[in-house]
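sequence unavailable; structure follows:
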């Protein structure tokens, strides 16, 4: 990593969003409320899953991990974004930028593969219900979760190394609200064509492969659902699948567009909107779409808090 020491830039300036300064209080309030709801929703889901034994199933085990990942990667970026909205100083040190970049990638890549694992869980539950508990044993679920985490750690190391091995000699203004690799690479004082190829290959491995796996699995799931004779059973299965497909689409599609297109074709304003979508918006809606409307979660909430009556 000798190249890191050759960089003359010691800190970056995060330019954030382009908007009328008069709108700063409104944007700050909106993002603060959204972030607070992200913390509340995902923390509630994780807590309920831990406390209620009825939620100690593979599906809720993975949902709990999803909630913790959402909490992690939004906390990596949003508090800093909020601070920069109300502060004149919008700098971040070189080391902090690298750290933020790496942590964000670890959590994001882990989540991408977690969605594929969750689709496998749904496939076993719908297509092999009688063997579900035999196949989805606790140690199997744990091994799958570890696999996702290892993919995140290793892929993030490669991403970060190839980005930060380049010299950064100025300018130091990042046209983004956090240190995301495509935005940082635009400041490199060297050819980034190798990085574009590395990003495409890794994007294929950490986004396109999980998406393809999800697509193939859901084809088999839908075929199995159509064979269910009970209309109520088909609707219940479709409802579970629709929730998963929705959260996958909100997270993976914008991330794929961001990381798999060449840097020369990227637009800073479009990139910020994409990043906001898979970084903040998806984490905000995941608890609502995937868990809070679920009867099991509602019953767990009533049991833990003692408020109201459990829904029938």
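Perfect, I can see it now. What you are looking at is a predicted structure, and each value in this text was computed from that prediction instead of being measured.

pLDDT score assigned to the closest residue to residue 56 other than its chain neighbours?
Leaving out its chain neighbours, the residue that sits closest to residue 56 by Cβ to Cβ, 6 or more residues apart in numbering is residue 49, at 7.6 Å. Placement of C-beta: from N, CA and C, glycine included. You'll see residue 49 listed with a pLDDT of 89.

against residue 68, how distant is residue 49?
Distance, residue 49 to residue 68, using Cβ to Cβ, to the nearest Å: 10 Å.

work out for me the element the spatially most central residue of the chain sits within.
By Cα atoms, centre = their mean, the chain has its centre lying nearest to residue 108, at 4.4 Å. Residue 108 belongs to helix 94-127 when elements are defined using DSSP states H and E.

for that helix, packing partners?
strand 11-14, helix 58-85, helix 132-135, helix 138-164, helix 181-185, helix 209-226, helix 231-260 (3 or more Cβ pairs under 8 Å, 6 or more residues apart in numbering; DSSP states H and E).

flag every buried residue along that helix.
94, 97-98, 100-127 (16 or more other Cβ atoms under 10 Å).

next: stretch 67-75.
Buried, per 16+ other Cβ under 10 Å, within stretch 67-75: 67, 69-75.

which one of these is nearest residue 158?
Residue 158 lies nearest to residue 73 out of those, by Cβ to Cβ, at 18.2 Å.

name the nearest residue to that closest one, sequence neighbours excluded.
residue 107 (3.9 Å).

what do you get for residue 167?
With Cβ to Cβ, 6+ apart, the residue lying closest to residue 167 is residue 189, at 4.8 Å.

mind checking what secondary structure residue 8 has?
Assigned with DSSP: H, G, I helix; E, B strand; the rest coil, residue 8 falls in the coil class.

spit out the contact partners of residue 42.
Applying Cβ atoms under 8 Å, 6 or more residues apart in numbering to residue 42 gives the contacts 67-68, 70-71, 283, 286-287.

out of these, which one sits closest to residue 26?
residue 283 (21.0 Å).

neighbours of the closest one, how many?
Around residue 283 sit 30 other residues, with neighbours defined as other Cβ atoms under 10 Å.

and for residue 235?
12.

where does the stretch 1-150 of the chain have low pLDDT?
1-7 (pLDDT under 70).

using the three-state scheme, assign residue 171.
coil.

can I assume it is in contact with residue 186?
No: distance between residue 171 and residue 186: 9.7 Å, which falls outside the contact criterion (Cβ atoms under 8 Å).
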